[in-house]
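K.L.:
quick one: sequence and predicted model below, then my questions.
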Amino acid sequence: MESIRNNWTKEEILEVYNKPLMELLYDAATVHRQYHDPNTVQVSTLLSIKTGGCPEDCGYCPQAARYHTDIEGNDLMSVQQVKAQALRAKASGSSRVCMGAAWRNVKDGPEFNQVLEMVRTINKLDMEVCCTLGMVTENQAKRLAEAGLYAYNHNLDTSEEYYKEVISTRGYEDRLETIENVRKTNVTVCSGGIIGMGESVEDRAGMLVALSTLSPQPESVPINALVAVEGTPMEEEKPVEIWEMIRMVATTRIVMPKTQVRLSAGRTEMNREGQAMCFFAGANSIFAGDKLLTTPNPDVNEDMEMFKQLGLQPQKAFVKAPQPETIEAADSQFESLGEKPKWTRPEHTIERNEAAKQKSSLAAKE
Ligand code: SAM
Ligand code: DTB
Ligand code: SF4
């Protein structure tokens, strides 16, 4: 088995991405089989525990308050509600629950304590627990780890260069710092990105350089196809072609052989044949459940039918890393520091984001 390379260059990655498709598929499927069972696919259920009203200006995101999209916002869910949803997810074949909050960053206090309780509760159901809560400090990452968190999702989303065209309220280095904070614990890292935001193939390769040169590489990498939501700056972006998704998945598999590559947002636009090619090319995880965070996802029964047709088995929990221990709040070693994570704030504006914001505020006045 070849060792994992942490020195991929953009040129090398572009060469892989642009190979004749049959070569690319063959190479990716070969790497995939060296490290994974090709008939096993991990299934995660997303749960939006706090929806909408986010202060950030991510150009793709329907939850950014400034764009006034047509989503229903919600305050933080209760631990009981989350437990009920997790049990449903488990019964339908999911081994992981990924809880998303439309926060810029975690703030110490009662809401974070409630999230920690959610983590403890789901871990005790013997499911992998993932959170995606925005930026976290080292202390917050350690408290999540103590509660039994299995993975933390924090996407780089695109290349460092194109990031400046997508989000003005934080920088690429802020994202990397949160990932570093998570790495100081035994929580696994989930970090990936989105294609179809108007980025170039070079940007896609740039993102894969940033992810594959992390050492260790992320344990899971979600590849999202943009869901272009009305009201966001990216509402008019054209859907990505299935071939682009297949190439992106295959290239991700080749440069990050051990990673779980997740077919994420955008599956409602893909037919079974397209998804099957993605699994062949090395995707070995999906988000299941009829909703992602705010947008639709394929029906669970349809997914299970697809699994049956393709001979795929859902992956059991904790086969890639052991189940973390849960430490109760009363036995915690860490205090709540009342910290606010620092972030860099490039003093720049993004025309496309400003235009969408103005359009929304005009629509709100009408
Ligand atoms: N607020 C936290 C953050 O930004 O890290 C967590 C939630 S945020 C919605 C998680 C990820 O969802 C983003 O990093 C992005 O990759 C993905 N996402 C958001 N809106 C999307 C869209 N319209 N299409 C595809 N992916 C999207
Ligand atoms: C990820 O990479 N994709 C998920 C999860 N991590 C949090 C979110 C996709 C969101 C798609 C748009 C929405 O439903 O709001
Ligand atoms: Fe907020 Fe996350 Fe959406 Fe950005 S991606 S607007 S940080 S919820």
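P.N.:
Great, that's in hand. Numbers count the residues shown, from 1 in each chain. Ligands and ions are numbered 1, 2, ... in the order given.
K.L.:
okay, CA-based contacts and neighbour counts for the rest of this
P.N.:
OK.
K.L.:
need the residues of the stretch 101-250 of the chain near ligand 2, please.
P.N.:
P222, N224 (CA under 6 Å from any ligand atom).
K.L.:
is any part of the helix or strand of the chain with the lowest mean pLDDT close to ligand 3?
P.N.:
Taking all helices and strands of the chain together, the one with the lowest average confidence (mean pLDDT, DSSP states H and E) is helix 351-365, at a mean of 84. No. Helix 351-365 lies out of reach of ligand 3 by CA under 6 Å from any ligand atom, never closer than 11.5 Å.
K.L.:
buried stuff in that helix?
P.N.:
Taking 16 or more other CA atoms under 10 Å as the neighbour-count basis, helix 351-365 is seen to contain the buried residues N353, E354, A356, K357, K359, S360.
K.L.:
who are the packing partners of it?
P.N.:
Packing partners of helix 351-365 (3 or more CA pairs under 8 Å, 6 or more residues apart in numbering; DSSP states H and E): none among the helices and strands.
K.L.:
let me know the secondary structure of the residue in the stretch 251-366 of the chain that ligand 1 sits nearest to.
P.N.:
With distances taken as CA to the nearest ligand atom, the stretch 251-366 of the chain approaches ligand 1 most closely at A265, which sits 5.2 Å away. Look at A265: counting by DSSP: H, G, I helix; E, B strand; the rest coil, its state is coil.
K.L.:
with adjacent residues omitted, what lies nearest to K357?
P.N.:
Counting by CA to CA, 6 or more residues apart in numbering, the nearest residue to K357 once its immediate chain neighbours are dropped is Y67, at 5.2 Å.
K.L.:
ditto for L214
P.N.:
Distances taken as CA to CA, 6+ apart put N6 closest to L214, at 6.8 Å, once the chain neighbours are dropped.
K.L.:
doesn't S215 make contact with that neighbour?
P.N.:
Yes. In terms of CA atoms under 8 Å, N6 counts as a neighbour of S215; the distance is 6.6 Å.
K.L.:
could you tell me which residues of the chain lie near ligand 3?
P.N.:
For the chain, the residues in contact with ligand 3 (CA under 6 Å from any ligand atom) are C54, E56, D57, C58, C61, Q63, A64, A102, W103, R104, G134.
K.L.:
low pLDDT regions in the stretch 1-150 of the chain?
P.N.:
Residues of the stretch 1-150 of the chain meeting the criterion pLDDT under 70: 1-2.
K.L.:
what parts of the stretch 51-200 of the chain come near ligand 1?
P.N.:
For the stretch 51-200 of the chain, the residues found near ligand 1 under the criterion CA under 6 Å from any ligand atom are 60-61, 100-104, 132-134, 154-155, 157, 193-194.
K.L.:
counting neighbours, which of those residues comes out on top?
P.N.:
Neighbour counts for these were taken using other CA atoms under 10 Å; the highest belongs to A102, with 27 neighbours.
K.L.:
now do the phi/psi pair for that one.
P.N.:
Dihedral pair for A102: phi -80, psi 60, per degrees, to the nearest 10.
K.L.:
got the contact list for it?
P.N.:
With contacts defined as CA atoms under 8 Å, 6 or more residues apart in numbering, A102 is in contact with K50, T51, G52, G53, C54, Q63, A64, L133, G134.
K.L.:
hmm, 6 Å instead?
P.N.:
The contact partners of A102, taken as CA atoms under 6 Å, 6 or more residues apart in numbering, are K50, T51, G52, C54.
K.L.:
these two touch, right, the second one and G73?
P.N.:
By that I understand T51. Yes. A contact is recorded between T51 and G73 when judged using CA atoms under 6 Å, the distance being 4.8 Å.
K.L.:
so which of the two has more stuff around it?
P.N.:
Just comparing T51 and G73: by other CA under 10 Å the higher neighbour count belongs to T51, 23 against 16.
K.L.:
ok so, going back, which of the contacts of A102 lies closest to ligand 3?
P.N.:
Taking CA to the nearest ligand atom as the measure, C54 is the one of these closest to ligand 3, at 4.6 Å.
K.L.:
distance check, the nearest residue to that closest one once chain neighbours are set aside against I167.
P.N.:
Of all residues not flanking C54 in the chain, A64 sits nearest, at 4.6 Å (CA to CA, 6+ apart). The span separating A64 from I167 equals 11 Å under the rule CA to CA, to the nearest Å.
K.L.:
what residues are shared contacts of the two?
P.N.:
By CA under 6 Å, 6+ apart, the residues touching both A64 and I167 are D57.
K.L.:
picking that back up, so which of the residues of the stretch 51-200 of the chain next to ligand 1 belong to strands?
P.N.:
Judged by DSSP state E, strands contain the following of those: G100, A101, T132, G193, I194.
K.L.:
which two in those are spaced the farthest apart?
P.N.:
In these, two members sit farther apart than any others by CA to CA. They are A101 and I194, at 18.1 Å.
K.L.:
quick one: which helix or strand includes the closest residue to ligand 3 within the stretch 251-366 of the chain?
P.N.:
Here the residue of the stretch 251-366 of the chain nearest ligand 3 is L293; by CA to the nearest ligand atom that distance is 9.5 Å. Taking DSSP states H and E as the definition, L293 sits outside all helices and strands.
K.L.:
swap in V189?
P.N.:
Short version: V189 belongs to strand 188-190, going by DSSP H and E.
K.L.:
for D70, what are its contacts?
P.N.:
Taking CA under 6 Å, 6+ apart as the definition, D70 has no contacts.
K.L.:
and ligand 1, is the least confident helix or strand of the chain touching that?
P.N.:
No. With CA under 6 Å from any ligand atom as the criterion, ligand 1 is not reached by helix 351-365; the gap is at least 13.9 Å.
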